[in-house]
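Colleague: Quick one, what's the 3D model for this:
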Amino acid sequence: MRKEIYSIADKSLVNRIRTIHFSNMGLEEKTMSFTYPEMALDELGKKNGFNGGLLMFPDINIPEMNGFEFL
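Modeller: Numbering: from 1, shown residues only. From the prediction side, this is the model:
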């Protein structure tokens, strides 16, 4: 089972900082960053079923769709 981490923030700097943190933990290959929540939802829609191996870090104050709406 492949574990994945989604970082969703409208500021690319926030995503980059998160990627650095995950890289320091050896998880950079499993981290995907999105600046638009719609792109993250599109990526989720491509998955076949839910395997429970997904960790999401949405930014709460995204202009298009806030983190609560995303979840």
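
Colleague: part of a strand, is residue 21?
Modeller: No. Counting by DSSP: H, G, I helix; E, B strand; the rest coil, residue 21 is not found in a strand; it is helix.

Colleague: My guess is residue 57 contacts residue 15. True?
Modeller: No. In this structure, residue 57 is not within contact of residue 15 by CB atoms under 8 Å, at 9.2 Å. Placement of C-beta: from N, CA and C, glycine included.

Colleague: More neighbours: which of these two?
Modeller: Higher neighbour count among residue 57 and residue 15: residue 15, with 20 against 16, using other CB atoms under 10 Å.

Colleague: which residues are in contact with the helix or strand containing that one?
Modeller: Residue 15 is part of helix 12-24, with elements assigned from DSSP states H and E. By CB atoms under 8 Å, 6 or more residues apart in numbering, the residues outside helix 12-24 that reach it are 5, 7-9, 28, 30-31, 33-35, 57, 59.

Colleague: Which neighbouring elements make contact with the helix or strand just after it?
Modeller: Later in the chain than helix 12-24, the nearest helix or strand by DSSP H and E is strand 31-34. Judged by 3 or more CB pairs under 8 Å, 6 or more residues apart in numbering; DSSP states H and E, strand 31-34 is in contact with strand 4-8, helix 12-24, helix 37-45.

Colleague: Show me what the first one is packed up against.
Modeller: For strand 4-8, the helices and strands in contact under the criterion 3+ CB pairs under 8 Å, 6+ apart are helix 12-24, strand 31-34, helix 37-45, strand 54-58.

Colleague: highest average neighbour count across these?
Modeller: By mean neighbour count, with neighbours taken as mean count of other CB atoms under 10 Å, strand 31-34 ranks first of the helices and strands packed on strand 4-8 at a mean of 19.

Colleague: quick revisit: turn the helices and strands packed on strand 31-34 into a markdown table, including distance to residue 66 and mean pLDDT.
Modeller: Output for these, formatted as a markdown table (distance: least, CB to CB, whole Å; pLDDT from 0 to 100):
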| stretch | distance to residue 66 | mean pLDDT |
| --- | --- | --- |
| strand 4-8 | 11 | 93 |
| helix 12-24 | 14 | 94 |
| helix 37-45 | 8 | 90 |
